[in-house]
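Q: Here is a sequence together with a model predicted from it:
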Amino acid sequence: MTASGLPMTVSAQGLPARVRIHEVGARDGLQNEKTVVPTEVKAEFVHRLAAAGLPVVEATSFVHPRWVPQLADAEELFGRLGDLDAAMLPVLVPNDRGLDRALALGARSVAVFASATESFAQANLNRTVDEALAMFAPVVARSKEAGVRVRGYLSMCFGDPWEGPVPLPQVVRVCRALLDMGCDELSLGDTIGVATPGHVRALLTALNGADVPTDRIGVHFHDTYGQALANTLAALEHGVTTVDASAGGLGGCPYAKSATGNLATEDLVWMLHGLGIDTGVDLTALTATSVWMAEALGRPSPSRTVRALSHKE
């Protein structure tokens, strides 16, 4: 570490010059909290993340409050973010009703959430994989008609707690279906954190073989087995330039109990900056934001970089 508290930069060949970090802490992170975080705290969290230079901050989810009570304040929260560019604030929309709510508030970027496995589709959406895709098709079509950008999340791309390792063709089929219905970007989710770098490379190669371009792919790794950064590096070596991460390592998955936290944004930024990869993120400001949120939640951040830079054990 240098005297400035930043890593020494040693560039590596074959890596992208810039990576776009898709920050998911405010939605994917906070939806897993046992207690409901006050709306004003969430709003300040989003504003702090944007001020730290994150280009995309996923704000909330327009799901029914019965399923995710922590995000029942979606309308109120989005209304408090009117000073930010709506295009940088994606929201999750599970169905037509969710899309109606989002569009009414001026959302300009939305996401649908599919599964590569039947077991998780039933647990998360109470539908088969194909039934879920059929539900999303009109949502995507209406979004595109409204000029709204659509991201397609795909869970359980590498392993499923009920089904075990997920065959590559199974993942490729659903990815292809999401692109064919009009999604602008895919996010490949390692929901229970079982991926390894070789598995990541194999899936990305298989997707390319099915005419899924690398520049339409983002990766979303969980750190259950400590592989999230290694998997991210494998994806970068393949040419991926969009990486999901969660400030302070917040989050998991409420429907997959073996899922631990997301890749911490600070840990990701430390690695990327050390490799000479531009992110536009101020690591000092981001760390301060995660320390502030950890205090609001009443527990220390799981991010190793946050702990190191804030001098807290």
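A: Okay, I see it.

Q: May I see the buried residues of the helix or strand where Val46 lies?
A: Taking DSSP states H and E as the definition, Val46 sits inside helix 39-51. Using 16 or more other CB atoms under 10 Å as the test for burial, helix 39-51 gives Thr39, Lys42, Ala43, Glu44, Phe45, Val46, His47, Arg48, Leu49, Ala50. For the C-beta atoms, the positions are set from N, CA and C on the backbone; glycine is no exception.

Q: who's in contact with Pro69?
A: For Pro69, the contacting residues are Val36, by CB atoms under 8 Å, 6 or more residues apart in numbering.

Q: follow-up on the earlier one: got the buried residues of helix 39-51 as CSV, with distance to Ala137 and pLDDT columns?
A: Shown next, in CSV, are these (distance: CB to CB, whole Å; pLDDT from 0 to 100):
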residue, distance to Ala137, pLDDT
Thr39, 32, 97
Lys42, 31, 97
Ala43, 33, 98
Glu44, 37, 98
Phe45, 33, 98
Val46, 30, 98
His47, 34, 98
Arg48, 36, 98
Leu49, 32, 98
Ala50, 32, 98
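
Q: Need those residues in a markdown table (columns: distance to Val243).
A: As requested, these are arranged in a markdown table below (distance: CB to CB, whole Å):
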| residue | distance to Val243 |
| --- | --- |
| Thr39 | 28 |
| Lys42 | 23 |
| Ala43 | 25 |
| Glu44 | 24 |
| Phe45 | 20 |
| Val46 | 19 |
| His47 | 22 |
| Arg48 | 20 |
| Leu49 | 15 |
| Ala50 | 18 |
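
Q: Kindly indicate which of the residues you listed lies nearest Thr242.
A: Leu49 (16.5 Å; CB to CB).

Q: In contact with the residue nearest to the closest one when sequence neighbours are not counted, which residues?
A: Distances taken as CB to CB, 6 or more residues apart in numbering place Val57 nearest to Leu49, at 4.8 Å, with adjacent residues excluded. Contacts for Val57 (CB under 8 Å, 6+ apart) come out as Glu23, Ala26, Val46, Leu49, Ala50, Leu84, Met88, Leu89.

Q: State the phi and psi torsions of Phe213.
A: Actually, residue 213 is Pro rather than Phe. phi -70, psi 140 (degrees, to the nearest 10).

Q: what sits against it?
A: Contacts of Pro213 by CB under 8 Å, 6+ apart: none found.

Q: Quick check, pLDDT for it.
A: Note for Pro213: predicted pLDDT of 98.

Q: Kindly report the same for Gly252.
A: Predicted confidence (pLDDT) for Gly252: 55.

Q: Now tabulate the contacts of Val57 in TSV and tack on distance to Asp211.
A: Listed next are the contacts of Val57 as TSV, based on distance: CB to CB, whole Å:
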residue	distance to Asp211
Glu23	29
Ala26	33
Val46	36
Leu49	34
Ala50	35
Leu84	35
Met88	29
Leu89	31
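
Q: Where in the protein is the helix or strand with the lowest mean pLDDT?
A: helix 118-125 (a mean of 91; mean pLDDT, DSSP states H and E).

Q: for the nearest residue to Arg127 once chain neighbours are set aside, what are its contacts?
A: Once flanking residues are discounted, Arg127 sits nearest to Ala121: 5.7 Å by CB to CB, 6+ apart. Under the criterion of CB under 8 Å, 6+ apart, the contact list for Ala121 reads Ala114, Ser115, Arg127, Thr128, Val129, Glu131, Ala132.

Q: so what does the host helix or strand of Leu207 touch, helix or strand wise?
A: Element membership of Leu207, judged by DSSP H and E, is helix 197-209. Applying 3 or more CB pairs under 8 Å, 6 or more residues apart in numbering; DSSP states H and E, we find helix 197-209 packed against helix 168-180, strand 217-221, helix 228-238.
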